[in-house]
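Engineer: here are the coordinates; sequence isn't available:
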């Protein structure tokens, strides 16, 4: 049995992964709030931005945490196509959940359906990402802990969508984002504590890429996307600010006439 280390770099990867989850959650919430205050193409674009922020935030959280994952007695590699597929799954399922909430007339039904769909999708992303791990040995899972991680994913996704519908103030969004980041991180590490590895020593080279060759550059790229999107959202006027600006201009226009 190989010894599993979930923090080979100490607290760096758990803390950094939590930060990425919080940033993705905060962006997703703010963009959804903007979407619900918009109509037409603007609503669709804000929902797409929200989904991409949440999806990439969750995926980046997972694989930043995986940078600290190690197993004694074996190297670790990652199957590149499966890893990219896990990213696509994360973004697609979150998009389905966000659009269900953004366009449905029955918000409660959309919340339950969107939360279930998104939660199962997030769990699928996690275990698909784990399926991309290549090592010398066999990976086994504790079914009870796997089930618990799926329940946490569904609860976290439902809470995220509920917050998107009911929270608007920046302070409340910040608090909700911190809680959601903790929920996503809890889901990840619950799933990781379900893992056990029976190592079979071998000198055969492992297929795939190392974490530093592939995962680290991709995580840095997605993290940069989140930070740039944060700046864009922060600089974009809200619906209220646009209305206030339009109201302020009307008297000037009337007086000029």
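Structural biologist: Here it is on my side, so go on. Remember, it's a predicted structure, so these values are computed and weren't measured experimentally.

Engineer: so for the helix ranked longest in the chain, what gets flagged as buried?
Structural biologist: As assigned by DSSP state H, the longest helix anywhere in the chain is helix 40-66. Buried positions in helix 40-66, judged by neighbour count with 16 or more other C-beta atoms under 10 Å: 43, 46-66. For the C-beta atoms, the positions are set from N, CA and C on the backbone; glycine is no exception.

Engineer: residue 108 versus residue 141, what's the distance?
Structural biologist: According to C-beta to C-beta, to the nearest Å, residue 141 stands 34 Å off from residue 108.

Engineer: neighbour-wise, which of those two wins?
Structural biologist: Comparing residue 141 with residue 108 by other C-beta atoms under 10 Å, the one with more neighbours is residue 141, at 14 against 10.

Engineer: got the contact list for the more buried one?
Structural biologist: Contacts for residue 141 (C-beta atoms under 8 Å, 6 or more residues apart in numbering) come out as 194, 195, 196.

Engineer: got JSON lines for those residues, with distance to residue 9 too?
Structural biologist: Putting the contacts of residue 141 into JSON lines (distance: C-beta to C-beta, whole Å) gives the following:
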{"residue": "194", "distance to residue 9": "22"}
{"residue": "195", "distance to residue 9": "18"}
{"residue": "196", "distance to residue 9": "22"}
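
Engineer: could you tell me which of the residues you listed count as buried?
Structural biologist: For the contacts of residue 141, buried by 16+ other C-beta under 10 Å: 194, 195.

Engineer: so which of the contacts of residue 141 belong to strands?
Structural biologist: 195, 196 (DSSP state E).

Engineer: could I get the contacts of residue 141 as CSV with pLDDT and distance to residue 147?
Structural biologist: Shown next, in CSV, are those (pLDDT from 0 to 100; distance: C-beta to C-beta, whole Å):
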residue, pLDDT, distance to residue 147
194, 92, 9
195, 93, 14
196, 92, 16
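
Engineer: number of nearby residues for the nearest residue to residue 76 once chain neighbours are set aside?
Structural biologist: Leaving aside its sequence neighbours, residue 76 sits nearest to residue 135 (C-beta to C-beta, 6 or more residues apart in numbering; 5.2 Å). Counted with other C-beta under 10 Å, residues neighbouring residue 135 total 20.

Engineer: quick check: residue 10 is in a strand.
Structural biologist: No. Under the criterion used here (DSSP: H, G, I helix; E, B strand; the rest coil), residue 10 is coil, not part of a strand.

Engineer: tell me how far it lies from residue 84.
Structural biologist: Distance from residue 10 to residue 84, by C-beta to C-beta: 29 Å.

Engineer: higher neighbour count, those two?
Structural biologist: residue 84 (13 against 9).

Engineer: and the helices in the chain?
Structural biologist: Under the criterion DSSP H, the chain contains helices at 12-36, 40-66, 80-103, 107-131, 143-166, 170-193, 216-235, 239-256.

Engineer: which one is the residue sitting nearest the centre point of the chain nearest to, not counting chain neighbours?
Structural biologist: Central residue of the chain (C-alpha atoms, centre = their mean): residue 58, 1.8 Å from the mean position. The shortest distance from residue 58 to any non-neighbouring residue, by C-beta to C-beta, 6+ apart, is to residue 90 (5.4 Å).

Engineer: for the one you found, give me the pLDDT.
Structural biologist: pLDDT recorded at residue 90 is 87.

Engineer: kindly report the same for residue 7.
Structural biologist: 81.

Engineer: and the closest residue to it other than its chain neighbours, what is it in contact with?
Structural biologist: The shortest distance from residue 7 to any residue other than its chain neighbours is 4.8 Å, reached at residue 68 (C-beta to C-beta, 6+ apart). Listed by C-beta under 8 Å, 6+ apart, the contact partners of residue 68 are 5, 6, 7, 8, 9, 12, 13, 14.

Engineer: ok, residue 130 to residue 191 distance?
Structural biologist: Taken as C-beta to C-beta, the span from residue 130 to residue 191 is 7 Å.
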